[in-house]
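J.: Got a predicted model here, sequence first, then my questions.
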Amino acid sequence: INAEYGGHLVCQRRNSEQVKREEFVEISSAVPHNVREERFPVILEYLPYYKDILTASRDYARHPCFTSHGYVVFRVEMRGTGGSDGYYHGEYLPQELQDCSEVIQFIGEQMWSNGKVGMYGKSWGGFNGLQMGYLESEDSPLKTAISLYSTDNRYTDDIHYEGGAPIGSGLLSWSGWMFAMNAIPPPPRLFSTKLEWFDVWRKRLEKSSKSYMSSWLHHQLPGAMWEQGSIDQDYSRVSMPVLVFGGLEDGYTTAAERMARKLNPKSKVIIGPWVHNWPDVSVTGPKIAYMELCLKWFDHHLKDQDEGCSQWPRMQVFVRNSFKPEDLVSTDPGVVAELGRFVAFPDWVDRGERVQALCQQSRDTSRDTSRDTSRDTEIEDLVKVLYLVGDDQISFSKQPTESMCDPIPLTNHSLQGAKGGMWLKIDWGFSGDQTTAISHSASFYSEPLQEPLVMCGVSGFIIKLTASSWKRVYVCVKVCDMHPDGFATLVTRCQYDLNYLTPLHIENDNTRTYSLPLRFAAHYFKPAHKICISISPNNFPLLWPSLTPNNLHLHPDSCKLIFQSETPACLEQQEVSFPSPRPLLDIPYRTTTPASNSDIITHIGDRVRFVFQEDSGLEHLPHTINLKHFELIHESYECDNDVTCAVAKIHQEHVVVFDSLQFSDTCEKEVGVRIRTHQVLSGDQDSYSLEEKLVVSWSECGEEIFSRRWHDTVPRQDHNTW
């Protein structure tokens, strides 16, 4: 392409370059064509996503920003995806990472490379940056990575399992999307004949079209599969500097905070108000000049220019004011300005570890810390404790034992997960008013706050329970901001299979106390607002239900919330700002049918159905290969009122039309394909039942090209029962 960004000419680029490997597998990539005799640092983005369809617009908007500032951008499609040869069978497998290592070595040896490579990407690309930092040696060309919305532990903080329990809507929606994506044919422009193109595509469908869902269900417990690609196995192996981004509306925020404490001292972390999208285009603001930050980071580490990155605070966090979901997506500058502020924490590593140590002490319900000579008085003000008292109250002080109340039954209700939002949000699917969910849970409320209260950092909930059976006991805890008008905003939550955790205390066969870490939060409670803590044994559809009777009872007087706080004065003193983003290169593409999405709850007799639907509209991408793309996703999650049964159904339909074809064996100038996938997950307390179907056809005539069904029954696996 030829374009200008910021007054700089962007070099012309080939559509594709083939990187030949020893096994004669060709990895498709986009690289500069007319690079001069100078040597340049290289930015590598390594993904399984089809670069002519799924990332075309963003690549053409962002990569010129790097090339116009003296970088070569190397955009690679993984083996078996897009235009690359071979077959693809799952996430972050050893072959994927070995291929990436060879690509890095290849880049470092090219005449146009200065021998320094930086990886860049969000989500899958962000994962790969961390993983290659873990695997590559110090003399590798890989010198740094910018990693957005990624994790250091694939079991605890990814879209499959949370707290040792399956993420119902996350597991199925993510597997369903990749199920359909992996069936898209390779780009026809890479083939001289339609017969050759169809043969390669057909083999890919035959050998690697099965979804990943079955594999995930067969690995319900921590183990080697999840350790593969998890850098927390040994943080010391990541010696290069990493710039980590997290978003408060994203699923990977807790991992970002943990990496702020665990990664090497050269690494930095920025957690903003964003969804699972780039910080300069996220629908939740404020947006920041993300590309300029990337350039400073890469200039510092790949060009040896002193951009002051080593002096950046260890962690910068956006602390949100009390809000309602509609405020998050407002484009009104006045509303955005009131959403919160960025705060710098240069001492986050030391502060975080000391706070965690103090929280650990506070978990002991019998310990009197006031007489502890080893008290960390400097940090004590940062740890707050809220106690559950009586039937439905919260207090900042522990009540006398004579006021203790009887245990409260925790029973399932289908609406305890209502308006909980989607685990992975791009531009919709936010959690809504939690009032309904709270009303069907065991809920406790503070008095209206007399002064502001800040929750920022790690937190945990100490919970004491009695159960008739400890097999597969699920618990969800939510902390909400109750507005004076009664609206309840979700601030943080956790959901656990308690047998994934070691009990703090076992009183007898039926009664135990646990410590439940909550997700990272950065929230400013305003005066006159209340804090609500709700506890339930169900959070469907975000949590696939236990379906196991436990006769669960809560002992509220032995429960408390421990959380890291900050003073409002500290927020003001350590406030930082980021510049607003500049406009990105505007590559024209059009949508000829309107895009839409919906989140609906319906009642059908004694059953409740949660429905999420997204229609991308028909997109025309003339700037790549004259391509049209349409995507329709329908997700349905259904359970009965007492959550004794559940079923989830995912249907996806994708249409891809390739224009301006130049096959030598046909006069066709356009060919369209339709990909339909259908998945149904059900089961009982003993097993999962998974049914899947893939149908591929020509979109013009409807003639079927490929069809296959799969059925799998997977026993439910249990963590060790203490």
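T.: Arrived safely, thanks for sending.
J.: hang on, isn't His505 packed against Arg512?
T.: Yes: His505 lies in contact with Arg512 (Cβ atoms under 8 Å); the separation is 6.8 Å. Backbone N, C-alpha and C define where each C-beta goes, glycine included.
J.: And the two? Which one has more around it.
T.: Legend: neighbour count by other Cβ atoms under 10 Å for His505 and Arg512, higher for Arg512 (21 against 16).
J.: And the pLDDT for that one?
T.: Arg512 carries a pLDDT score of 95 in this model.
J.: can you check Phe74 too?
T.: For Phe74, the predicted pLDDT is 92.
J.: Surely it is within a strand?
T.: Yes: the assignment for Phe74 is a strand, going by DSSP: H, G, I helix; E, B strand; the rest coil.
J.: Around it, count how many other residues there are.
T.: Phe74, neighbours per other Cβ under 10 Å, totals 26.
J.: Would you check that it makes contact with Ile107?
T.: Yes: counting by Cβ under 8 Å, Ile107 is a contact partner of Phe74 at 5.9 Å.
J.: what do the two both touch?
T.: Val42, Leu44 (Cβ atoms under 8 Å, 6 or more residues apart in numbering).
J.: Buried ones in stretch 427-445, by neighbour count?
T.: Neighbour counts over stretch 427-445 (16 or more other Cβ atoms under 10 Å) mark 427-438, 440-445 as buried.
J.: how far away is Ala648 from Leu681?
T.: Here the criterion is Cβ to Cβ, to the nearest Å. By it, Ala648 lies 5 Å from Leu681.
J.: shared neighbours of those two, anything?
T.: Leu172.
J.: Residue ranges in the stretch 501-650 of the chain under the pLDDT threshold?
T.: Scanning the stretch 501-650 of the chain with the threshold set as pLDDT under 70 gives 587-588, 623-625.
J.: residue ranges of the helices in it, please?
T.: All helices of the stretch 501-650 of the chain, identified by DSSP state H, counting those that start in this stretch, fall at 568-573.
J.: Could you do the stretch 301-450 of the chain as well?
T.: Using DSSP H, counting those that start in this stretch, helices in the stretch 301-450 of the chain cover 325-328, 333-337, 348-362, 377-380, 435-439.
J.: Equivalent analysis for the stretch 151-300 of the chain, please.
T.: Counting by DSSP H, counting those that start in this stretch, the helices of the stretch 151-300 of the chain are 168-181, 194-208, 213-217, 224-227, 253-262, 290-302.
J.: Which neighbouring elements make contact with the last one?
T.: Contact analysis of helix 290-302 by 3 or more Cβ pairs under 8 Å, 6 or more residues apart in numbering; DSSP states H and E lists strand 40-47, helix 56-67, strand 113-122, strand 142-148, strand 242-247 as its packing neighbours.
J.: Ok, which of these comes nearest Gly617?
T.: helix 56-67 (13.4 Å; Cβ to Cβ).
J.: Taking helix 290-302 as reference, get the angle to the closest one.
T.: 50 degrees (axes from the mean of the first three to the mean of the last three Cα atoms, to 10 degrees).
J.: switch to numbering from 25
T.: Happy to do that; since the first residue is 25 now, the last one works out to helix 80-91.
J.: Just the buried positions in helix 80-91, please.
T.: Within helix 80-91, judged by 16+ other Cβ under 10 Å, the buried ones are Ala80, Ser81, Arg82, Asp83, Tyr84, Ala85, Arg86, His87, Pro88, Cys89, Phe90, Thr91.
J.: Remind me what that helix packs against, helices and strands.
T.: strand 27-29, strand 96-101, helix 314-326.
J.: Give me the neighbour count for the closest residue in space to Gln440 that isn't next to it in sequence.
T.: Distances taken as Cβ to Cβ, 6 or more residues apart in numbering place Ser560 nearest to Gln440, at 4.2 Å, with adjacent residues excluded. By the criterion of other Cβ under 10 Å, Ser560 has 28 neighbours.
J.: coming back round to it: would you tell me which one of the helices of the stretch 325-474 of the chain is buried the most?
T.: helix 459-463 (a mean of 19; mean count of other Cβ atoms under 10 Å).
J.: if we look at that helix, which residues are touching it?
T.: 439-444, 502, 504, 510-512, 556, 558, 560.
J.: Of these, which is the most crowded?
T.: Result: Gly441 is most packed of those (other Cβ under 10 Å), 30 neighbours.
J.: Touching, that one and Pro565? I think so.
T.: Yes: using Cβ under 8 Å, Gly441 is in contact with Pro565, at 6.1 Å.
J.: quick one: common contacting residues for those two?
T.: Common neighbours of Gly441 and Pro565 (Cβ under 8 Å, 6+ apart) are Phe634.
J.: Could you measure from the residue nearest to Tyr116 when sequence neighbours are not counted over to Leu159?
T.: Sequence neighbours aside, Gly253 is the residue nearest to Tyr116 in space, at 3.5 Å (criterion: Cβ to Cβ, 6+ apart). Distance from Gly253 to Leu159, counting by Cβ to Cβ: 9 Å.
J.: export the helices and strands packed on helix 80-91 to CSV and tack on distance to Gln741?
T.: Formatted as CSV, those follow (distance: least, Cβ to Cβ, whole Å):
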stretch, distance to Gln741
strand 27-29, 51
strand 96-101, 34
helix 314-326, 41
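J.: Which one, of the ones you listed, ends up nearest to Pro739?
T.: Across these, closest to Pro739 is strand 96-101 (Cβ to Cβ), at 36.4 Å.
J.: Following the chain onward from the closest one, which element is next?
T.: helix 118-132 (DSSP states H and E).
J.: Compile the helices and strands packed on helix 314-326 into JSON lines and extend it with columns for distance to Phe322 and mean pLDDT.
T.: Conversion of those to JSON lines gives the following (distance: least, Cβ to Cβ, whole Å; pLDDT from 0 to 100):
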{"stretch": "strand 64-71", "distance to Phe322": "7", "mean pLDDT": "96"}
{"stretch": "helix 80-91", "distance to Phe322": "8", "mean pLDDT": "88"}
{"stretch": "strand 137-146", "distance to Phe322": "5", "mean pLDDT": "96"}
{"stretch": "strand 166-172", "distance to Phe322": "7", "mean pLDDT": "98"}
{"stretch": "strand 266-271", "distance to Phe322": "9", "mean pLDDT": "98"}
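J.: With distance to Val224 added, can I get the ones you listed in a markdown table?
T.: Output for the helices and strands packed on helix 314-326, formatted as a markdown table (distance: least, Cβ to Cβ, whole Å):
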| stretch | distance to Val224 |
| --- | --- |
| strand 64-71 | 20 |
| helix 80-91 | 21 |
| strand 137-146 | 26 |
| strand 166-172 | 31 |
| strand 266-271 | 37 |
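J.: Much appreciated, bye for now.
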